[in-house]
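S.K.: Provide a 3D model corresponding to the input given below.
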Amino acid sequence: MNVPSSAPRHARFVRVTHWVTALAFAALLLSGVEILLSHPRFYWGETGNVNETPLFSLPVPASRRQVPTGYGYVLPDQNGWSRYLHFQSAWLLAFTGFAYLVGGFRSGHFRTNLMPASDERRWNAIARAVRGHIQSPVRAVADPLSYNLLQRIAYLVVIFLLVPAVIWTGLAMSPGFTSISPATVNLLGGKQSARTLHFAISIALILFVLVHVAMVALGGFTARMTAMITGHAEVPR
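M.R.: Okay, the predicted model is just below:
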């Protein structure tokens, strides 16, 4: 009978930043939905209002009567507290992300745990990994001490592309920030373009979180959660 033993898995800075990021993301999601309901229409360029044709609209009621949605009622306006919470949570995410980057580069975490090997940076290797995930998703996440190729690629995309992009597009909607750095919004094509991109990137992050949680569940939810809390994973002897 194989008795599980404990092996080091996640460094302390990874665990702390993981849970702080999870808290910040949950607050951002909650407050972001409330802000979105005040005007569930999206535009492209610098300006956008109810008198302009939107790029697209979400089929949801609004919390402001002047916004046309096709519904005969409006939701309670929660725009006040939600904006404060969103702003504070965004800075928490930004500072936590910076701390994670510093710890990741200093410790070699990115190079050791996330960077694919040279022979894995090929389309055929990625295609094999995708087929393996489709054929046996449980086997693909069975190793408690390492990430598979698709996990590493996904984490790198989130860390170095999606999170910086969602922070950038968020800052581009801030009049105070763009008055100091106009290029922040000009490069995106305007404040409404920044808002639309911010929404699209947020959807991509939500999809990542859903897949991430599903993979954790497939790999053993309790064991994976314990490893992210204690820093150690159980492995067969």
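
S.K.: Have a look at the protein and report its longest helix.
M.R.: Looking only at the chain and at elements set by DSSP state H, the helix with the highest residue count is helix 191-230.

S.K.: C-terminal to that one, what's the next element?
M.R.: strand 232-235 (DSSP states H and E).

S.K.: Neighbouring strands of that following strand in the sheet, and parallel or not?
M.R.: If you go by DSSP bridges, strand 232-235 pairs up with strand 5-8 (antiparallel).

S.K.: Just give me how far the strand it pairs with sits from the chain centre.
M.R.: For strand 5-8, the separation from the chain centroid amounts to 29 Å (computed by CA atoms, centre = their mean, to the nearest Å).

S.K.: ok, now stretch 90-100?
M.R.: Going by CA atoms, centre = their mean, where stretch 90-100 is centred and where its chain is centred differ by 12 Å.

S.K.: Stretch 123-131 now?
M.R.: Distance of stretch 123-131 from the chain centroid (CA atoms, centre = their mean) equals 24 Å.

S.K.: lowest-pLDDT helix or strand in this structure?
M.R.: The helix or strand of the chain with the lowest confidence, counting by mean pLDDT, DSSP states H and E, is helix 137-140 at a mean of 74.

S.K.: quick one: buried residues of that one?
M.R.: A140 (16 or more other CB atoms under 10 Å). For every residue, glycine as well, the C-beta is placed using N, CA and C.

S.K.: just to revisit the earlier point, the longest helix of the chain packs against which elements?
M.R.: Counting contacts by 3 or more CB pairs under 8 Å, 6 or more residues apart in numbering; DSSP states H and E, helix 191-230 is packed against helix 12-36, strand 41-42, helix 137-140, helix 149-157, helix 163-171, strand 232-235.

S.K.: Let me know which of those is the nearest to Q88.
M.R.: Among the helices and strands packed on helix 191-230, helix 12-36 comes nearest to Q88, with 7.9 Å by CB to CB.

S.K.: rank the helices and strands packed on helix 191-230 by mean pLDDT and give me the bottom one.
M.R.: Set side by side, these differ in mean pLDDT, and helix 137-140 is lowest with a mean of 74.

S.K.: Which residues does that one contact?
M.R.: By CB atoms under 8 Å, 6 or more residues apart in numbering, the surrounding residues in contact with helix 137-140 are 129, 132-133, 148, 150, 215, 218-219.

S.K.: pLDDT weak spots in the protein?
M.R.: 1-5, 236-237 (pLDDT under 70).

S.K.: Grab the most central residue of it for me.
M.R.: In the chain, the residue lying closest to the centroid (CA atoms, centre = their mean) is L205, at 3.4 Å.

S.K.: correct me, but it touches V158?
M.R.: Yes - using CB atoms under 8 Å, L205 makes contact with V158 at a distance of 7.1 Å.
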